[in-house]
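[1] Predicted structure and sequence below. I'll ask about it afterward.
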Amino acid sequence: MIETLLNPKVMAENSILVSAKLRVLLMTCVAFAVVLTQVWLALGLFFILVSYLWCRSGLSISQTGKRLLAMDCLVLFTVLLIPFSVPGEPVFSIIGFGASEPGIKMAMMILLKANIVMLAVMALSAGIDAITLGKVLVELGVPRRFALLMQFTVRYIEVLYLEFYRLRQAMKIRGFKPGNNMHTWRSYGYLFGVLLVRAFDRADRISQAMRCRGFRGHFLSHEPSRVPRCDFVIFFSYLLVICFIFCSSFWSFNPSNYII
Amino acid sequence: MSSSPPIIELKDVSYQHADGSVTADKLNFSLFSGQKVAISGKNGSGKSTLLAIIMGLRKIISGEVLLFGHSCRTEADFSRFRTRIGLVFQDPDDQLFCPTVIEDVCFGPLNQGLTRTEAIVTSREILKQLNASHLENKITYQLSGGQKRIVALASVLAMKPEVLILDEPSNDLDLDNADRLISILKELSLPMILVSHDADIRAHLVEKEYLLEDGVIRNKS
């Protein structure tokens, strides 16, 4: 992901919007609309919309699939417990714990929503490098510190990785072969411990180097980016579609469901 | 040596590491305007720590640090003079933290109060002076070791310092890059403190050599 942020191979020519600022805004709108929607049909429409955006982004299936799978593995851990914690008629039970039907539906909906949002983020962020993203986030009102944290992460993750790689090589040339034993776990413990200590040391040195160049804890602003006029037209068209799908979920609204 | 006060002066400075090892023991040192000196010493003798003491990055236990004739004790005292002293760190990765070269070179001038346009103009001038204009929009981590050194030097020179401190500037450089760095540094007329193991670079750049040993600085004969 970081590599993609630094070397965006997919560039703007076949993407939806030129302006990174509007893309980030659109991404946020889609995310909010999807999260707040509770109707399957509307979610289906969002999925179609996001799939269209993905097709336009030029991302490869394997690249997208890998990232979605990585996220799904994380989401599954949380989602798997939901059927057992939501009250309702049990459909099946595992060691005495019943999985309810509303729970299963809720879990599936969360999984679907997570995938739609992730797909939208990937489709709309394709081609935006970390530097631009940092600038755009600041322009959109994200606290500078958060934007800076992101930029610092992107800048130094490679340095940390190289440090990790060097240490790993140093272990290898002394005949280290990982296995499921105490020696392996202890060695990995040392490896990550040293990495952490070195990261702290480096952070300290970076901070010193910044102070030597007159940094007083306050960062100076970047020049604002320009948004082409045609981008606004495209952006508002998409926004209209998102609003339409989002509002359509309320048309199936049945007041009797809410009368106790 | 000169009637004007030294640019940098350390008077009976003592410093102890957290582990109890002594780096400076009533150490005295002064650098006058126009002087180019080198400090050498064994690994771990405290050369880098000494530079950190000069910049006020390490707190001394006794003695006095004077920058441009002013006694500096607190962080506020040191921060007044830091941008007038250009310290080039041993590891360029510690110094170059901005995503692109131009942003990194602009960082110092912006902190000095220049507008963004002025900072960019100054930075471009310095990069041109160091024959590194082509690196302007490069991503810092993708630079080679030699390019990182040049950009780290540019990022310090962009602040128009009155004195330059270099910590092992020729580390990790091949012969060509080391020669290029020497010729760049030779052209600079700034007073300079050079910390280096490299006898070749010392011989090319400085007039006077000191040795840091057992917490004190001696003339190297």
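    Sure thing, it's come through.

[2] residue ranges with poor pLDDT in the stretch 51-200 of chain A?
    Per-residue confidence for the stretch 51-200 of chain A (pLDDT under 70) gives these ranges: A:173.

[3] near chain B, which residues of it show up?
    Within the stretch 51-200 of chain A, the positions adjacent to chain B are A:A130, A:I131, A:G134, A:Q151, A:F152, A:V154, A:R155, A:Y156, A:E158, A:V159 by CB under 8 Å from any CB of the partner chain. Quick note: C-beta positions are derived from backbone N, CA and C, even for glycine.

[4] Those into CSV, with extra columns for secondary structure?
    Converted to CSV, these look like this (DSSP: H, G, I helix; E, B strand; the rest coil):
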residue, secondary structure
A:A130, helix
A:I131, helix
A:G134, helix
A:Q151, helix
A:F152, helix
A:V154, helix
A:R155, helix
A:Y156, helix
A:E158, helix
A:V159, helix
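
[5] how about those in CSV, adding distance to A:L81?
    As requested, those are exported to CSV (distance: CB to CB, whole Å):
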residue, distance to A:L81
A:A130, 35
A:I131, 40
A:G134, 36
A:Q151, 36
A:F152, 35
A:V154, 34
A:R155, 37
A:Y156, 35
A:E158, 36
A:V159, 38
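
[6] From the residues you listed, list the buried ones, please.
    A:A130, A:I131, A:G134, A:Q151, A:F152, A:V154, A:R155, A:Y156, A:E158, A:V159 (16 or more other CB atoms under 10 Å in any protein chain shown).

[7] Determine which two of those residues are furthest apart.
    The most widely separated members of these, counting by CB to CB, are A:G134 and A:V159 (17.7 Å).

[8] Apart from its neighbours in sequence, what residue is nearest A:F164?
    A:L195 (5.8 Å; CB to CB, 6 or more residues apart in numbering or on different chains).

[9] Just the buried positions in the helix or strand that neighbour falls within, please.
    Element membership for A:L195 (DSSP states H and E) is helix A:182-212. Judged by neighbour count using 16+ other CB under 10 Å, the buried positions of helix A:182-212 are A:L191, A:L195, A:R202, A:R205, A:I206, A:Q208, A:A209, A:M210, A:R211, A:C212.

[10] Surely the fourth one and B:P92 touch.
    To tie it back to what came earlier, the one meant is A:R205. No: using CB atoms under 8 Å, A:R205 is not in contact with B:P92, being 11.1 Å away.

[11] The residue nearest to A:F164: what's it in contact with?
    A:L160, A:E163, A:F164, A:L167 (CB atoms under 8 Å, 6 or more residues apart in numbering or on different chains).

[12] Can you check what pLDDT the model gives the closest residue to chain A within chain B?
    Closest to chain A within chain B is B:N111: 3.3 Å, counting by CB to the nearest CB. If you check B:N111, the pLDDT there is 81.

[13] That one contacts B:T83, doesn't it?
    Yes: B:N111 lies in contact with B:T83 (CB under 8 Å); the separation is 6.7 Å.

[14] So B:A24: helix, strand or coil?
    Applying three-state DSSP: B:A24 is strand.

[15] Tell me who's in contact with it.
    By CB under 8 Å, 6+ apart, the neighbours of B:A24 are B:L10, B:V13, B:S14, B:Y15, B:G46, B:T49, B:L50, B:I53, B:I60, B:G63, B:G215, B:V216.

[16] and the helix or strand where the fourth one lies, what does it pack onto?
    Translated: B:Y15. In the assignment (DSSP H and E), B:Y15 maps to strand B:8-16. Judged by 3 or more CB pairs under 8 Å, 6 or more residues apart in numbering or on different chains; DSSP states H and E, the packing partners of strand B:8-16 are strand B:22-31, helix B:47-54, strand B:62-67.

[17] Outline the domain layout of chain A.
    Using automatic domain parsing, the domains assigned to chain A come out as A:2-136+A:223-257, A:142-212.

[18] Kindly reformat those as TSV containing distance to B:I102.
    Output for the domains of chain A, formatted as TSV (distance: least, CB to CB, whole Å):
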stretch	distance to B:I102
domain A:2-136+A:223-257	11
domain A:142-212	15
